[in-house]
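Student: pasted the sequence and its predicted model underneath.
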Amino acid sequence: DIQMTQSPSSLSASVGDRVTITCRASQNFNNYLNWYQQKPGRAPKLLISGASTLDSGVPSRFSGSGSGTDFILTISSLQPEDFATYFCQQSYSTPWTFGQGTKVEIK
Amino acid sequence: QVQLVESGGGLVKPGGSLRLSCATSGFTFSDYYMSWIRQAPGKGLEWVSYASSGSRHIRYADSVKGRFTISTDNAKNSVYLQMNSLRADDTAVYYCAREDYRRGSCMDVWGQGTTVIVSS
């Protein structure tokens, strides 16, 4: 199974800050890497597919990059509605696996 | 409008069974794979299973293989998860999600989830 490791597990940031979340895979794969946002009590929401393609309606302050084993989610200017938990997920080989999540909290 | 609505969760004793349903609307069901993903209380996301329409292609996580069975009904645009031999560690919110294999199998639409509690 492909293990996905996110860092950090949590972070505190202020509105307007630039935030980066890293996701590392245990083996090399193509860009079958997706990012999701989850708010408390809600279902996850797809932000980015294929490592860098923004899903429809996702604000442009979100961006994804990386390839191989190292991937990054960047929020260029954190907004109040962005405080949530973010998960990466590989869809290269089953079982699909998720990172443990990164909780973005208000500083 | 694309919609996924799960049902069937509840409280069940260890060793018991439960059948989850996910009714879909607003898209061509046969064009997509459907997945079940679960989230234990306070924990991360765990993919459970997926099926293509018509159930031609099916995969399971090792943690549920032999106990859970996924199936689809194209006439009802629905996907199901039959869960047998339930254990305490199956306690979770269960989400169904649409998988778009044309976009690298990302899960682009999710239901609201249904809660399964396994406890005596």
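Tutor: Done, it's in.
Student: for residue 44, what are its contacts?
Tutor: In the absence of a named chain, chain A is used. For residue A:44, the contacting residues are A:36-38, A:87, B:37, B:45, B:95, B:107, B:110, by CB atoms under 8 Å, 6 or more residues apart in numbering or on different chains. Quick note: C-beta positions are derived from backbone N, CA and C, even for glycine.
Student: switch to chain B, please.
Tutor: Contacts of residue B:44 by CB under 8 Å, 6+ apart are A:87, A:98-101.
Student: excluding chain neighbours, what is closest to the most centrally placed residue in chain B?
Tutor: Most central in chain B under CA atoms, centre = their mean is residue B:36, positioned 2.8 Å from the mean C-alpha point. Counting by CB to CB, 6 or more residues apart in numbering or on different chains, residue B:36 lies nearest to residue B:48, which is 4.3 Å off, once chain neighbours are set aside.
Student: what's the offset of the one helix or strand the one you found maps to from the middle of its chain?
Tutor: Assigned by DSSP states H and E, residue B:48 belongs to strand B:45-52. Counting by CA atoms, centre = their mean, to the nearest Å, strand B:45-52 is centred 6 Å from the centre of its parent chain.
Student: buried subset of the contacts of residue B:44, written for PyMOL?
Tutor: Selection of the buried residues among the contacts of residue B:44 in PyMOL, burial being defined by 16 or more other CB atoms under 10 Å in any protein chain shown:
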select buried, chain A and resi 87+98+99+101
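Student: check the contacts of residue B:44 one by one and keep those near chain B.
Tutor: Taking CB under 8 Å from any CB of the partner chain as the test, chain B is in contact with A:87, A:98-101 out of these.
Student: and the helices in chain A?
Tutor: Assigned by DSSP state H, the helices in chain A number zero.
Student: residues of it that sit close to chain B?
Tutor: Listed as neighbours of chain B in chain A under the rule CB under 8 Å from any CB: A:31-32, A:34, A:36, A:38, A:42-46, A:49-50, A:53, A:55, A:87, A:89, A:91, A:94-101.
Student: the residues you listed in strands, which ones?
Tutor: Mapping the residues of chain A next to chain B onto strands (DSSP state E) picks out A:34, A:36, A:38, A:45-46, A:49, A:53, A:87, A:89, A:97-98.
Student: ok, and the most crowded of those?
Tutor: Within these, most neighbours by other CB atoms under 10 Å in any protein chain shown means residue A:34, with 30 neighbours.
Student: show me what contacts that one?
Tutor: Residue A:34 makes contact with A:46, A:48-50, A:88-91, B:104, B:106-107, according to CB under 8 Å, 6+ apart.
Student: among those residues, find the lowest-pLDDT one for me.
Tutor: Lowest pLDDT of those: residue B:104, 91.
Student: would you agree that one is in contact with residue A:29?
Tutor: No. Taking contacts as CB atoms under 8 Å, residue B:104 lies outside contact range of residue A:29: 10.4 Å.
Student: quick one: which of these two has more around it?
Tutor: Between residue B:104 and residue A:29, residue B:104 has the larger neighbour count (other CB under 10 Å), namely 19 against 16.
Student: show me the residues around the more buried one that make contact.
Tutor: Listed by CB under 8 Å, 6+ apart, the contact partners of residue B:104 are A:31-32, A:34, A:49-50, A:91.
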